[in-house]
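Undergrad: mind looking at a prediction? Sequence and model below.
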Protein chains: 2
Amino acid sequence: MYIVILAGGSGTRFWPLSRRKTPKQLISVLSGKSMLQRTVERVIPLKPKRIIVVTNSLQAEETARQLREFQKRVRIDVIEEPVGRNTAPAIGLAASIIARYEPEGVMVALPADHYIVGEEEFHDTVMRGKDAALNGYLVTMGIVPTRPETGYGYIEADMAQRGPAGPFPVKRFVEKPPLEKALEYLDSGNFFWNSGMFIWKVDVILDNILTFMPELAASLANLVFSEDIWELVDFNPQIEAIYRDIKGESIDYGVMEKAENVVVIPARFGWSDVGSWNALPEVIGAGACGNVLIKAKHEISLDSSGCMVSGDGKLVALIGVNDMIVVDTGDALLVCAKDRAQDVKRVVEELAKRGLDDYL
Amino acid sequence: MYIVILAGGSGTRFWPLSRRKTPKQLISVLSGKSMLQRTVERVIPLKPKRIIVVTNSLQAEETARQLREFQKRVRIDVIEEPVGRNTAPAIGLAASIIARYEPEGVMVALPADHYIVGEEEFHDTVMRGKDAALNGYLVTMGIVPTRPETGYGYIEADMAQRGPAGPFPVKRFVEKPPLEKALEYLDSGNFFWNSGMFIWKVDVILDNILTFMPELAASLANLVFSEDIWELVDFNPQIEAIYRDIKGESIDYGVMEKAENVVVIPARFGWSDVGSWNALPEVIGAGACGNVLIKAKHEISLDSSGCMVSGDGKLVALIGVNDMIVVDTGDALLVCAKDRAQDVKRVVEELAKRGLDDYL
C-alpha cells in the first residue's frame, strides 16, 4: 500500500495563523503536532511501503523539516508542485510514480489537513477500502453524517445491494446543499459526506485519467524516470514542464463524477475538513464558558459564549462577547464575526492587492 | 502659581494596556507622550513656580523617569503616597507643603489623566480661575457640556448674577444622571460637567479642610518641615505615618459639596476624563471605516464599525464586527463589547482573586 498525502493547500482561511509558507496543514492548531504530522502518524500503523507527500515549492522546506522525524519509521518522499493545479494533477503524478514501481499497487490519497478522531475506525475503513480497490473499484471514503451539515459535499449511494459496511455503488456526487436538502440527506441514510479521501489501484486510476482527462494523461506520459525512480529530486524540472501546460482540475470533477466503477466505503470516524476557523469549535469542543480557546495561557470570561480565540500564548479576557473569532499572532490580529469566517480569505486577497506580502 | 498634578490613579479601566505600575496617566494611548507628560507640557506656559506631582510608591519610579525631561524648564517635585486615599488627602498634603512656602499661594489641582484639546482656552480658563481664587473662592472648572453625557457628574450654577465668563456661585453638585436628566441639564444652560480641576489659595482650601475635614487637618498638622521644605525626599516616613491613619475621601465630597464660597468657571476646551476604553473614540475620532485604531500598523476592515482596537503595532483585520473593544498587548488580549467597557475592572478584580499578579 502506498499513501499519497495531498499537502499543497494554501490555507488562506486560517489566516493569520496560517500563511503562504505555513498553511493549515503545517501549523499546530490543536497540539504540538501539525495536521500533516498527525496525518503521517495516523497512516504509519497501516505499514505503507512508501508515503508520497505532494506539496508546493513555497512550503517544501517546512514540509521536509516536519517530516524528518518520521523518516526512520517510514520512507517519505516529498514532491514539489511548482504551482497548485488542484487535486487531479497531484494524484496523477503520484500515481504515475507509484505505477512505475508497482503497476498494481494500491494507493490511498489523503488530504494533509483533515481532522480525524478514531484511529482504529480509520484503519479499518482504509482496509475495507483496500479490498474494494483490489477488486478494481475507485473507492471514496464517505463519512456517515451526524448532522445536516451544509458546508460539505455529499455522495449518494445505492445501498440496496450490500451489507452495512459497503462498499456501495455511488449514484451521484452532490454539491454543498441548502439546509432543507441536508436534512433530507441526513434522514435518508443513503448520503455520505464527501471526504476527499480515495483508495484505488494505480493502474485503475491512471486508466480512468486516460479516459476522462486525456490531456493530463498525455502530460504525465512525458515523465522520464531515472534508474532509481525514487530519486525524486531530479524530477523537479520535469514536473515544472508538465505543470506549465496542464490545467487545474479536481479529481472529483475530472474523474470520480464520470467514472463507472466508483464505490463509497462508509466511514464512522470523527471527521472535519476544518475548512475555516468556524469549524474548530466542532472539532475541539467548547470549554466551560462556552468558548473555544487555543494558544491561550489563561481565560477570563464574563457573559461570553460561542467564541473561538487563538491567543498567541496570552491571557485572554472576554466581556459580553458572543460568536466571535479572534486570532492573535505576532504581526496580525483578526477579529471576525463567526458567521463571516468564510470572508477571511477576502482579507488575504486584500493584503495581496495592497502588496502587504509580509502578512501573507 | 503652583500646579498640583494628581497622578496616583490605578487605571484598571484601561487594562490590559494600563497596569498597576503603568496606569493610564503613564501610558501613551494617543501619541508618543503619556497623559502625565501632556498634562505637564500644558501647564508649563502658565509659568508655575513649582509643580508637585502626587503619585504612589508603585508608580513613583516610572513617574520620575517620565518627568525628567521637563526638569530643566520647571521644578517638579514628586510626592509618593504609600497608599491611595482618594483626592482630599493628596490635595491637603500638597496644600500644606505649598502653604509653608507661600501661605497665600494659588494652587491649581489637575488630574494627570484627562484629555484636553484647546491649550489657549485652557490657559485662559485657569487665569480666570486664578483671579477668582485670589478673591478667596474655591474655584472648580466646569466644562460646558456638548452632549447629554451620562458618564460625568454635573455642577449646577447660579448664573443670574454674572457675565458669561463667570465665576458663578455653585448651587449643587450632581451625581452621574440618567439620560433624561442629562438632556434637561444640557438644555438648561446652568449645568457644567464636573472636571475635577480646582483652583484656590492654599490658605483657603486648608481653612476649609479644617472646617469640614478636621481629622485630615489634624493629621496634616503633624507634618514637620525641614529648613528647606522642598527637600521632599525626607517626607516619605512622615507621609506614611499620616496615611496610615487617615481615611480615604474625595475633595468633592469632603469639602466642595459643603463649603460656602464655591464657584464654577465655565471651560470651553475639549475635555474627556477618558474614563474607559469607551471614551477613546470620542477623543480620537473614528477613521474612515468608522473604527478607532491605535497602535495598529495597518487596518483592513470589512463591514465593521464602532470598534476601538489597540493593535500592539500589528496589522488589524476586522470582518463583520461592530461596537467591540479589542486591546492587544504583549501578554494579554481583551475582547469586550463596547457597552461593557465598565466591566474591564471586573476582569482586573478577577485577576487579583486568582493571584495572576503578573497581569495586574
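TA: The structure has been received and is ready for your questions.

Undergrad: list the buried residues in stretch A:196-211.
TA: Residues A:196-209 are the ones in stretch A:196-211 that count as buried (16 or more other CB atoms under 10 Å in any protein chain shown). Backbone N, C-alpha and C define where each C-beta goes, glycine included.

Undergrad: in CSV, list those along with distance to chain B and pLDDT.
TA: As requested, the buried residues of stretch A:196-211 are exported to CSV (distance: CB to the nearest CB, whole Å; pLDDT from 0 to 100):
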residue, distance to chain B, pLDDT
A:G196, 27, 95
A:M197, 31, 98
A:F198, 34, 98
A:I199, 38, 98
A:W200, 40, 98
A:K201, 45, 98
A:V202, 43, 98
A:D203, 47, 98
A:V204, 44, 98
A:I205, 40, 98
A:L206, 43, 98
A:D207, 46, 98
A:N208, 41, 98
A:I209, 40, 97
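
Undergrad: so which of those are in strands?
TA: A:G196, A:M197, A:F198, A:I199, A:W200, A:K201 (DSSP state E).

Undergrad: A strand includes A:W193, no?
TA: Yes. Under DSSP: H, G, I helix; E, B strand; the rest coil, A:W193 falls within a strand.

Undergrad: separation between it and chain B?
TA: Counting by CB to the nearest CB, to the nearest Å, the separation of A:W193 from chain B is 27 Å.

Undergrad: nearest residue to that residue other than its sequence neighbours?
TA: A:I143 (4.0 Å; CB to CB, 6 or more residues apart in numbering or on different chains).

Undergrad: mind listing what that neighbour touches?
TA: For A:I143, the contact set (CB atoms under 8 Å, 6 or more residues apart in numbering or on different chains) comprises A:F192, A:W193, A:S195, A:A267, A:R268, A:F269, A:W271.

Undergrad: isn't the fifth one right next to A:T146, touching?
TA: So the one you mean is A:R268. No. Assessed by CB atoms under 8 Å, A:R268 is found out of contact with A:T146, at 9.3 Å.

Undergrad: centre of the chain to the one helix or strand A:Y243 maps to, how far?
TA: Take DSSP states H and E as the rule and A:Y243 turns out to sit in helix A:236-245. Remark: helix A:236-245 is offset 23 Å from the chain centroid, using CA atoms, centre = their mean, to the nearest Å.

Undergrad: what packs against that helix?
TA: Secondary-structure packing of helix A:236-245 (3 or more CB pairs under 8 Å, 6 or more residues apart in numbering or on different chains; DSSP states H and E): strand A:76-81, helix A:87-101, helix A:214-220.

Undergrad: what angle sits between the longest one and strand A:76-81?
TA: This means helix A:87-101. Helix A:87-101 and strand A:76-81 are oriented at 130 degrees to each other (axes from the mean of the first three to the mean of the last three CA atoms, to 10 degrees).

Undergrad: pLDDT of helix A:87-101, averaged?
TA: In this model, helix A:87-101 carries a mean pLDDT of 94.

Undergrad: keeping just the C-alphas, turn it into PDB.
TA: Provided in PDB are the C-alpha atoms of helix A:87-101 (Å, rounded to 0.1, in the frame of the first residue of the first chain):
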ATOM      1  CA  THR A  87      -6.000  17.500  -6.900                       C
ATOM      2  CA  ALA A  88      -6.200  15.700 -10.300                       C
ATOM      3  CA  PRO A  89      -2.600  16.500 -11.500                       C
ATOM      4  CA  ALA A  90      -1.200  15.800  -8.000                       C
ATOM      5  CA  ILE A  91      -2.900  12.500  -7.900                       C
ATOM      6  CA  GLY A  92      -2.000  11.700 -11.500                       C
ATOM      7  CA  LEU A  93       1.600  12.500 -10.800                       C
ATOM      8  CA  ALA A  94       1.800  10.400  -7.600                       C
ATOM      9  CA  ALA A  95       0.000   7.500  -9.300                       C
ATOM     10  CA  SER A  96       2.400   7.600 -12.300                       C
ATOM     11  CA  ILE A  97       5.400   7.400 -10.000                       C
ATOM     12  CA  ILE A  98       3.900   4.500  -7.900                       C
ATOM     13  CA  ALA A  99       2.900   2.700 -11.100                       C
ATOM     14  CA  ARG A 100       6.500   2.700 -12.400                       C
ATOM     15  CA  TYR A 101       7.400   1.000  -9.200                       C
END
